[in-house]
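Peer 1: Whatever this is, show me its structure:
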Amino acid sequence: MTTAQIGIIISILVYLAMMLLVGFVSSRDTNDVKDFYLGGRKLGPFVTAMSAEASDMSSYLLMGVPGLAYFSGIADAGWTAVGLIVGTYLNWLFTARRLRNYTEKLDAITIPDYFKKRFRDKSNVILCIGAAFILIFFVPYTASGFSACGKLFSSLFGVNYQLAMIASAVIIVGYTTTGGFLAASKTDFIQSIVMTVALFFVLGYGVISAGGMSAVVDNAGNLAGFLSLNATHNNVTGAGDPYGIFNKITMFCWGLGYFGMPHILLRFMAIRKSSELKLSRRIASVWVVFSLGIAVILGVVGRAMTEAGALDSLIEDPTSASKAETLIVVLAQQISSHNFIFALLAGMVIAGILASTMSTADSQLIAASSSVSENIIQETMGINLSETAAMITARATLIAVAVFGVIIAWDPSSSVFGIVSFAWAGFGAVFGPVMILSLYWKRINRYGVVAGMTAGGSMVFIWKYLVRPKGGVWDLYELAPAFLVAIIAIVIVSLITPAPEKEIADEFDHVAKMS
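Peer 2: Reported below is the predicted structural model:
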């Protein structure tokens, strides 16, 4: 083992030990199921903001976005970033406060539980549909995180991919099962800081290696379409391909997904006071602008380094950005080769990649396990569990979900960005329209909710596998059409079926006044 590898391993082990310690400490404050899944609604504004964004920014922040920018320029990555920034701000502005007040009044601790109580669905149909879709999309989403960890250690140390992935999953499951939501939120807060430091450090190193910012602009500018928001660089022909309105809409629509992300919405529900959400919104908005902006620039800097001869090309296949996603890993390896101190710093960068993956995976495991143990086993199946039994069930379910995630991620050729984009569309279409309308439209009823969830979830699959492959004007990210179809279904079905009971309408007015 080389000195560089030893330095990297030391930094990573210190980081992982710190995460497990946080999980152990948090376990002392996790006394019941409400604490395990929602932290007892006692998160502060800083932890709420940073843990929400860290759980959102999975491995695509440090691997997917820079890789996309490295591969084709700033258009794809840039429009995605703009959509995510706008979506983040609007979600905090319109969803956070009202959802916090509503769920506290209803005593709801999961998203499906909120919908059930909001619409007085005694049949548990909404609960079942919501829990089912959470499992359908969260298990592969979690698998993408495990896959990213496996690829990371495999490429760094040459260890077996599956072994590295399993080890990563065990650590994530370890601190999450111990401390639950509090552990996930506190570690996410720490991980957001690690991710930020890693991005700034690697960006600075890249700019210096490329010969300065002016050299970066010159080298990247020599690639046709690379620095344009209206064109992408074609690695096959070397030309700049037009980036039309449909392409921009496709990437911008990533922002719609925020309104339906259970692991982000849970942070809104868990803050100790709804009045503190304004501060959280500002913190989150600033962080997401900086982090995504740096991620895009990092991709440009990396490509400029390649053009300047300071970095080997990361384009093995001119039609695939898969290899380009390893940009930050390759840069960390390059940094570690200088001396032991640099190796320790490179280890911090690798810890940043781990942080981006772990911060999302732990939150997804919490949300997925809650949908099974709380919504399906106890509420739908009617199995009454004691507090102790409920905690055991919650932890056992979390482990089971993780095992399925490992199975799905077993193939090392799986694409991180591809899996994330599909799951993101699924959650955005299933829960986003229902969430917005449940908070702002009094006339929505349970029939509309069932129709909207079913239509949105189905359209994600239909559009991705049947419509989008046709190409041309149909080559649109599945979230946009599925989101629209879900809204239409909710509105039409709600209007042609009986209006909500007076009790539900009065409750809506009460929460609206509070918000």
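Peer 1: Which residue would you name as the spatial centre of this structure?
Peer 2: By CA atoms, centre = their mean, the chain has its centre lying nearest to residue 56, at 3.3 Å.
Peer 1: now the closest residue to residue 44 other than its chain neighbours: how far from residue 159?
Peer 2: Nearest residue to residue 44 in three dimensions, chain neighbours excluded: residue 272, at 6.7 Å (CB to CB, 6 or more residues apart in numbering). Placement of C-beta: from N, CA and C, glycine included. According to CB to CB, to the nearest Å, residue 272 stands 42 Å off from residue 159.
Peer 1: How are the strands of this structure distributed by residue range?
Peer 2: Secondary structure of the chain (DSSP state E): strands at 231-233, 240-242.
Peer 1: now for the last one, which elements pack on it?
Peer 2: Other elements packing on strand 240-242 under the criterion 3 or more CB pairs under 8 Å, 6 or more residues apart in numbering; DSSP states H and E are strand 231-233.
Peer 1: picking that back up, nearest residue to the residue nearest to the centre of the chain in space, please, no chain neighbours.
Peer 2: Among residues not flanking residue 56 along the chain, residue 264 sits closest, at 5.5 Å (CB to CB, 6+ apart).
Peer 1: Spit out the contact partners of residue 150.
Peer 2: When contacts are counted by CB atoms under 8 Å, 6 or more residues apart in numbering, residue 150 touches 161, 162, 164, 165, 168, 409, 412.
Peer 1: which regions of the stretch 101-250 of the chain lie under the pLDDT threshold?
Peer 2: Along the stretch 101-250 of the chain, the parts satisfying pLDDT under 70 run over 175-185, 187-188.
Peer 1: run the last query once more with 80
Peer 2: 135, 138-148, 151-159, 168, 171-196, 246-247, 250 (pLDDT under 80).
Peer 1: can you tell which of the strands of the chain is closest to residue 458?
Peer 2: Closest approach to residue 458 among the strands of the chain is made by strand 231-233 (31.1 Å; CB to CB).
Peer 1: What pairs with the closest one, parallel or antiparallel?
Peer 2: Strand 231-233 has the following strand partners under DSSP bridges: strand 240-242 (antiparallel).
Peer 1: Any buried residues in the strand it pairs with, and which?
Peer 2: 240, 241 (16 or more other CB atoms under 10 Å).
Peer 1: ok, and what's touching it?
Peer 2: Residues from elsewhere that reach strand 240-242 (CB under 8 Å, 6+ apart): 224, 225, 226, 228, 230, 231, 232, 233, 234.
Peer 1: Once you drop chain neighbours, what's closest to the fifth one?
Peer 2: Right, the one you point to is residue 230. Nearest one to residue 230, counting by CB to CB, 6+ apart, is residue 243 at 5.3 Å.
Peer 1: need the contact list for that neighbour.
Peer 2: Residues counted as contacts of residue 243 (CB under 8 Å, 6+ apart) are 75, 76, 225, 228, 229, 230, 231, 232.
Peer 1: how about these in TSV, adding neighbour count and distance to residue 343?
Peer 2: TSV is the format used below for the contacts of residue 243 (neighbours: other CB atoms under 10 Å; distance: CB to CB, whole Å):
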residue	neighbour count	distance to residue 343
75	26	36
76	23	33
225	21	37
228	17	38
229	15	38
230	13	42
231	21	39
232	24	36
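Peer 1: and these as JSON lines, adding distance to residue 511?
Peer 2: Formatted as JSON lines, the contacts of residue 243 follow (distance: CB to CB, whole Å):
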{"residue": "75", "distance to residue 511": "41"}
{"residue": "76", "distance to residue 511": "40"}
{"residue": "225", "distance to residue 511": "49"}
{"residue": "228", "distance to residue 511": "46"}
{"residue": "229", "distance to residue 511": "40"}
{"residue": "230", "distance to residue 511": "44"}
{"residue": "231", "distance to residue 511": "47"}
{"residue": "232", "distance to residue 511": "45"}
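Peer 1: Nearest to residue 465 among these?
Peer 2: For the contacts of residue 243, the nearest to residue 465 is residue 76 (21.7 Å; CB to CB).
Peer 1: and the gap between the residue nearest to residue 230 and residue 142?
Peer 2: Relative to residue 142, and taking CB to CB, residue 243 is found at 32 Å.
Peer 1: Ok, residue 254 next?
Peer 2: Distance, residue 254 to residue 142, by CB to CB: 19 Å.
Peer 1: got it, and residue 127?
Peer 2: Counting by CB to CB, the gap from residue 127 to residue 142 is 21 Å.
Peer 1: which one of these two has more residues nearby?
Peer 2: residue 142 (30 against 22; other CB atoms under 10 Å).
Peer 1: sorry, back to before: wait, which of the strands of the chain is closest to residue 291?
Peer 2: Distance to residue 291, taken as CB to CB, is lowest for strand 231-233 among these, at 22.5 Å.
Peer 1: Burial check on the residue lying closest to residue 111 once chain neighbours are set aside, number of neighbours?
Peer 2: In space, and not counting its chain neighbours, residue 111 is closest to residue 262: 4.7 Å by CB to CB, 6+ apart. Here the count is done by other CB under 10 Å, and residue 262 has 25 residues near it.
Peer 1: got it, and residue 15?
Peer 2: When neighbours are counted by other CB under 10 Å, residue 15 comes out with 20.
Peer 1: residue contacts, it?
Peer 2: Taking CB under 8 Å, 6+ apart, we find residue 15 in contact with 194, 347, 348, 351, 354, 355.
Peer 1: From residue 75, how far off is the residue nearest to residue 111?
Peer 2: As judged by CB to CB, residue 262 and residue 75 stand 30 Å apart.
Peer 1: same thing with residue 110?
Peer 2: For residue 110, the distance to residue 75 equals 38 Å [CB to CB].
Peer 1: hang on, the earlier thing: in the contacts of residue 150, which residue is surrounded by the most others?
Peer 2: Neighbour counts for the contacts of residue 150 peak at residue 409, which has 29 neighbours (criterion: other CB under 10 Å).
Peer 1: For the stretch 101-250 of the chain, which segments are assigned as helices?
Peer 2: 111-118, 125-157, 161-210, 213-221, 245-252 (DSSP state H, counting those that start in this stretch).
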